[in-house]
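>>> fold the following and give me the result.
(2 chains)
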Amino acid sequence: MDKNQEITKKEDENIEKTRELYEASPTVDIYENEDEILLHADMPGVVKDDISVNIDNGTLSLSGVRKLASKGLANWEEFSDVEYIRSFSVPQTIDVERVEAELKDGVLRLHLPKSEAAKPRQIEIKTA
Amino acid sequence: MFTRVSDLDRLFGTMSLLQKKLNNLNSGYGQSSGYKWEIESNSPRTNLYENGDNFEIHAEVPGIGKDNLNVKIQGNYLEITGTRNSDAPEGYTTHKIERGMGAFSRTFTLPADVDSKKVGATLKDGILYLTLPKSEAAKQKKITVS
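Okay, the predicted model is just below:
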């Protein structure tokens, strides 16, 4: 009796799931000068519509989904559908309104301009 | 509890078998320039598809323009070389560099000969798409049963 009950339970667990999307971290380069911070992220094969860039409360989140045109069975597969996802802390001095992003040749380039108040200023000393 | 020596042997045996298999990974299909089993950050990842009369190779080459890529074919030997130039802007301090720059090279031995005159190549969104039609002799032929 007990064995029969176990068998039915196990069958319920064999629910078919579609293959989940792999998550990967895109490689990035980060540069900075007085006026802005630059972030370049490699996301080959991702189109503009599948990318989302969010800045919220000092955290920058990148997400880009790549769906390859399905080519049938591969003899050898080293890259496939993937979601590129990565988060960074950004300093509070970034002017969120003026952030720009461009996507070219599979590289996402972000410009994070610093707000005017944060730029270094030379203070002039007056002789009294 | 004593561990049986045969169990230990099997443990180490499988480890060295795994290492050997991993070392041979590169020699079957595409060889990257560099040590075996250490994949250089530069070597582009590729997929190989076979559709009847064509081979298709897709390679991840982000940030590389078509002037910096070279594709060479001879028979069933395919070589993809290229250079990735740094796009670091002048006058900026660098916080982090993760993307590999410089020259890369990858060679492939395809399962069949390719007709080099009919090869097509497209570069889109950082992925290189190569279409390699098989040479006549290598195509599959339909055999009628009388």
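
>>> can you count the residues close to whichever residue of chain A sits closest to chain B?
In chain A, the residue that lies nearest chain B is A:G106 (1.8 Å; Cβ to the nearest Cβ). For glycine as for every other residue, the C-beta is placed from the backbone atoms N, C-alpha and C. Close neighbours of A:G106, defined as other Cβ atoms under 10 Å in any protein chain shown, add up to 25.

>>> the spatially closest residue to it that is not a sequence neighbour: neighbouring residues, count only.
Closest residue to A:G106 apart from its sequence neighbours, by Cβ to Cβ, 6 or more residues apart in numbering or on different chains: B:G126 at 1.8 Å. By other Cβ under 10 Å, 23 other residues sit near B:G126.

>>> stretch B:55-72: which residues count as buried?
Buried residues in stretch B:55-72, defined by neighbour count with 16 or more other Cβ atoms under 10 Å in any protein chain shown: B:F55, B:E56, B:I57, B:H58, B:A59, B:E60, B:V61, B:P62, B:G63, B:I64, B:L69, B:V71.

>>> could I get those residues as TSV with secondary structure, distance to A:G72 and pLDDT?
As requested, those are exported to TSV (DSSP: H, G, I helix; E, B strand; the rest coil; distance: Cβ to Cβ, whole Å; pLDDT from 0 to 100):
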residue	secondary structure	distance to A:G72	pLDDT
B:F55	strand	13	89
B:E56	strand	10	91
B:I57	strand	14	93
B:H58	strand	13	93
B:A59	strand	18	93
B:E60	strand	19	92
B:V61	coil	22	92
B:P62	coil	24	92
B:G63	coil	28	90
B:I64	coil	27	91
B:L69	strand	25	93
B:V71	strand	23	93
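
>>> where does pLDDT dip in chain A?
Segments of chain A classed as low confidence (criterion: pLDDT under 70) are A:1-19, A:118.

>>> now do the residue most central in space within it against A:I85, distance only.
Nearest residue to the geometric centre of chain A (Cα atoms, centre = their mean): A:L62, 2.4 Å. Distance check for A:L62 against A:I85: by Cβ to Cβ, to the nearest Å, it reads 7 Å.
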